[in-house]
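Turn this into a model:
(chains A and B)
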Amino acid sequence: MENAKTGMKAKRLRGEIIRYITLFGICLIVLFPIYWMIITSFKPAGELFASDQTFFPQNFTLQYYIDPIDGVVSSGSPFIGFFLNSMIVASVSMIICLVIGSLAAYSLARFELRINKNDRLSFAILTARMLPPIVVIVPMYLIMQSLGLLNTHWAMIIVYTGFNLPFVVWMMKAFFQEIPPDLEESAMVDGDSRMKAFYKIVLPLAAPGLVATSIFTLILTWNEFLFAMFLLNSADMMTLPPGIATYITQYETNWGELTAAATLAV
Amino acid sequence: MSTQREVGKTDPNQHPRMTKKTKKSIFKHKHMLPYWLILPTLLLIGLLTIVPLGYSIYVSFQDFDTFGNPAGFTGSNYADVLTSGTYWNSMGITFAYTFGVVAIEMFLGLVLALLVSKDSKVMGYLRWVLIIPMMVSPLVVGIIFRLMLNADMGIANYMLSAIGLPEINFLGTSLNAFLSIMLVDIWQWTPMCFLIILAGLQSLPQDPYEAARLDGASKLQVLRDITLPLLKPIIVVALVIRTMDALRMFDQVFVLTQGGPGRATEVISFLMYRVAMRFSDFGYAAAGLFILLVFTILLSYIMVRTLNRNQKEGGV
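Below is the predicted model:
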């Protein structure tokens, strides 16, 4: 009996060891590419192309980080501009999304809408998220062109707001549904209007949900490349992803600048 | 307690404390309010999805001259697309790629989720590490791998030769380039499958496991007969999301191969980008994308249907 038990224990221990070794290996695979990017951005030009690759730069250089900020880049335009453009587009569209989206989410979570029998409307909204954006990219380009919005931040803000809204509505709806309605009702009994109760009681309670949702929308917007590539073509207006892509030219790739910009973008 | 929980749902009629009178004053008096609240969202989503979609059908029947100006109606765009070898080549690549990466990512995601499903502090940290790739911009991921897979100065070949293996021209030949693109996608998006499946695993009911343990079922049996069937709905979700995303993959191809060598990695979104932006043939691109949409919808419908039916027949 004792023997069998220790045998089992040894077997389980071996299993655990194998599990941790596997996981450690996987973490290496996950982290190495990111490590390599960061390291490359610190390597001086001579080391970049050396036949002996090193896993740690022999001489640190901050050159690639300083240059883009001064706007002295061999190709393309200053990194700081891309960064600001991304900030503007991402934050404005996030705010619009959260305001409009949480109102709609509140409406769906609390009221029985005649147009929302069996949650049909909610699913229609979700379907809009499932639509591959690439399909509407050509009409979107032509529409923005005829509105004269090509190459403006507004074009990006409108597009990103539209694509993130369904997501925001669904997330916020779930969060609102977790808040018991009694709280608002007692506020309304005390004389507050529905909207005031929403603003004063429901929103603060849903704050964690708001934060989570805004982080998700920020990440999505920050990383979006395809629409930015289509709708923006002047370097002054570009957000980070297409901006970084300008570092890759037809003939040469400026690895130092590229990896520095990519590191900062992350 | 149970009534309390139901209150959280959309039905205000079930509220226990709400008498007929208050219901009237709150819900009837301002019965337009909820519609006003939801109106902006519906308007925006309508403007940004239904209008462009309708417009894209209109555009797909239009002829465009070489400067990208509309020049009359034509049905030839669809004929051009459907008879174009380039288009079907891209379709084939896109679907082969999608099936490949989604299958591998689902499998790896499931394995990873099972490996870290135990709750402990270390596992908590590990989960954070494992989802890092999906937070990085796909464009940046493309850049990293372009750097690492570079035939002359890339670290991948350096390591291969260091352990005595022949160097590989990762992006140079058709098959290698295709596999490299897949590799990049798997690196970046396995974490997403992992995350969704892990969330599913953690919300599974514990009772069947207790029963299985009492019956003395082996780990493999538990996995096959309990975990997988219970996970099916969540697996469908992950499958559909990943398939939709993989079908429109653009960034990695743009950075890594530009569709090359030749047209070996020219996925559909990249082909359409080329056609629309470089050759200003918007009609052709709109037609091509509309056909893609039809395929996408069909595919997701089939996926959901088959998996749902299996589940019913399985009768967990």
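
so where's the stretch 151-266 of chain A shaky on pLDDT?
Low-confidence segments of the stretch 151-266 of chain A (pLDDT under 70): A:247-266.

Secondary structure element holding the closest residue to residue A:136 other than its chain neighbours?
The shortest distance from residue A:136 to any non-neighbouring residue, by Cβ to Cβ, 6 or more residues apart in numbering or on different chains, is to residue B:52 (3.9 Å). Yep, even glycine has a C-beta here, placed from its N, CA and C like the rest. Assigned by DSSP states H and E, residue B:52 falls within helix B:51-60.

Next: residue B:258.
Counting by DSSP H and E, residue B:258 is found in no helix or strand.

Send me the helix holding residue B:52 as PDB with only the CA atoms.
Provided in PDB are the C-alpha atoms of helix B:51-60 (Å, rounded to 0.1, in the frame of the first residue of the first chain):
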ATOM      1  CA  VAL B  51     -24.500  51.700 -46.300                       C
ATOM      2  CA  PRO B  52     -21.000  50.700 -47.300                       C
ATOM      3  CA  LEU B  53     -22.200  47.200 -48.000                       C
ATOM      4  CA  GLY B  54     -25.000  48.400 -50.200                       C
ATOM      5  CA  TYR B  55     -22.600  50.900 -51.900                       C
ATOM      6  CA  SER B  56     -20.100  48.100 -52.500                       C
ATOM      7  CA  ILE B  57     -22.700  46.100 -54.400                       C
ATOM      8  CA  TYR B  58     -23.400  49.300 -56.400                       C
ATOM      9  CA  VAL B  59     -19.700  49.800 -57.000                       C
ATOM     10  CA  SER B  60     -19.200  46.200 -58.000                       C
END
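
what is the mean pLDDT for it?
Per-region confidence: helix B:51-60 scores 83 on mean pLDDT.

Please name the residues that touch residue B:138.
Listed by Cβ atoms under 8 Å, 6 or more residues apart in numbering or on different chains, the contact set of residue B:138 reads A:223, A:225, B:188, B:251, B:252.

list the contacts for residue B:237?
residue B:196.

That one sits in which helix or strand?
helix B:228-247.

Can you list the buried residues in that helix?
Applying a neighbour-count criterion of 16 or more other Cβ atoms under 10 Å in any protein chain shown, one finds B:230-232, B:234-236, B:238-247 buried in helix B:228-247.

repeat for stretch A:19-37
Here stretch A:19-37 shows A:23, A:26, A:30, A:33, A:34, A:36, A:37 as buried, counting by 16+ other Cβ under 10 Å.

Ok, stretch A:178-193 next?
Here stretch A:178-193 shows A:179, A:181, A:184, A:185, A:187, A:188, A:192 as buried, counting by 16+ other Cβ under 10 Å.

Give me the distance between the residue nearest to residue B:249 when sequence neighbours are not counted and residue B:91.
Leaving aside its sequence neighbours, residue B:249 sits nearest to residue B:267 (Cβ to Cβ, 6+ apart; 5.9 Å). For residue B:267, the distance to residue B:91 (Cβ to Cβ, to the nearest Å) stands at 9 Å.

Counting neighbours, go ahead and name the busier of the two.
residue B:267 (28 against 19; other Cβ atoms under 10 Å in any protein chain shown).

Those residues of the stretch 201-316 of chain B touching chain A, which are they?
Residues of the stretch 201-316 of chain B lying close to chain A by Cβ under 8 Å from any Cβ of the partner chain are B:240, B:244, B:247-248, B:250-251, B:254-255, B:268-269, B:272-273, B:276-277, B:282, B:285-286, B:289-290, B:292-293, B:296, B:300.

what's the burial count for residue B:102?
By the measure other Cβ under 10 Å, the count of residues near residue B:102 is 24.

again with residue A:122
20.

among the buried residues of stretch A:19-37, which two are most distant?
Spanning the widest gap among the buried residues of stretch A:19-37 are A:23 and A:37, at 22.7 Å by Cβ to Cβ.

Where do the helices of chain A begin and end?
A:2-42, A:45-48, A:63-70, A:79-110, A:120-130, A:137-147, A:153-178, A:182-189, A:194-197, A:203-205, A:207-223, A:226-231, A:240-245, A:255-265 (DSSP state H).

TSV please, covering those and showing distance to chain B.
Listed next are the helices of chain A as TSV, based on distance: least, Cβ to the nearest Cβ, whole Å:
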stretch	distance to chain B
helix A:2-42	5
helix A:45-48	7
helix A:63-70	13
helix A:79-110	4
helix A:120-130	5
helix A:137-147	4
helix A:153-178	3
helix A:182-189	7
helix A:194-197	6
helix A:203-205	12
helix A:207-223	4
helix A:226-231	5
helix A:240-245	4
helix A:255-265	4
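
winner for burial among these?
Most buried of the helices of chain A, by mean neighbour count (mean count of other Cβ atoms under 10 Å in any protein chain shown): helix A:240-245, with a mean of 26.

CA atoms only for it, dumped as CSV, please.
Provided in CSV are the C-alpha atoms of helix A:240-245 (Å, rounded to 0.1, in the frame of the first residue of the first chain):
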residue,chain,number,x,y,z
LEU,A,240,1.6,54.3,-35.9
PRO,A,241,1.2,51.1,-37.9
PRO,A,242,1.3,52.7,-41.4
GLY,A,243,3.8,55.1,-40.1
ILE,A,244,6.1,52.3,-39.1
ALA,A,245,5.6,50.6,-42.4
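
Run the chain-centre distance for that helix.
Put simply, helix A:240-245 sits 15 Å off its chain's centre (Cα atoms, centre = their mean, to the nearest Å).

what's it packed up against?
For helix A:240-245, the packing partners by 3 or more Cβ pairs under 8 Å, 6 or more residues apart in numbering or on different chains; DSSP states H and E come out as helix A:79-110, helix A:226-231, helix A:255-265, helix B:138-149, helix B:251-256.

Show the pLDDT at residue B:256.
83.

and what of the one 10 residues further on?
Per-residue pLDDT puts residue B:266 at 84.

Once you drop chain neighbours, what's closest to it?
residue B:259 (3.6 Å).

For burial, what's the neighbour tally of that neighbour?
Residue B:259: 20 surrounding residues under other Cβ under 10 Å.

that older thread, determine whether any part of the next helix or strand after the helix holding residue B:52 lies close to chain A.
The helix or strand immediately downstream of helix B:51-60 is strand B:62-64, counting by DSSP H and E. No: between strand B:62-64 and chain A, judged by Cβ under 8 Å from any Cβ, nothing touches; the nearest distance is 9.9 Å.

Equivalent analysis for stretch B:114-124, please.
Yes: Stretch B:114-124 reaches chain A (Cβ under 8 Å from any Cβ) through B:115, B:116.

Go ahead and confirm residue B:194 touches residue B:131.
Yes: look at residue B:194 against residue B:131 with Cβ atoms under 8 Å: they come within range, at 7.2 Å.

The two: which is more packed in?
When neighbours are counted by other Cβ under 10 Å, residue B:194 and residue B:131 differ, and residue B:194 comes out ahead with 27 against 16.

Spatially, what comes nearest to the residue in the stretch 101-250 of chain B that chain A sits nearest to if we skip its sequence neighbours?
Residue of the stretch 101-250 of chain B nearest chain A, by Cβ to the nearest Cβ: residue B:137 (3.8 Å). Distances taken as Cβ to Cβ, 6+ apart place residue A:223 nearest to residue B:137, at 3.8 Å, with adjacent residues excluded.

Alright, I will stop here.
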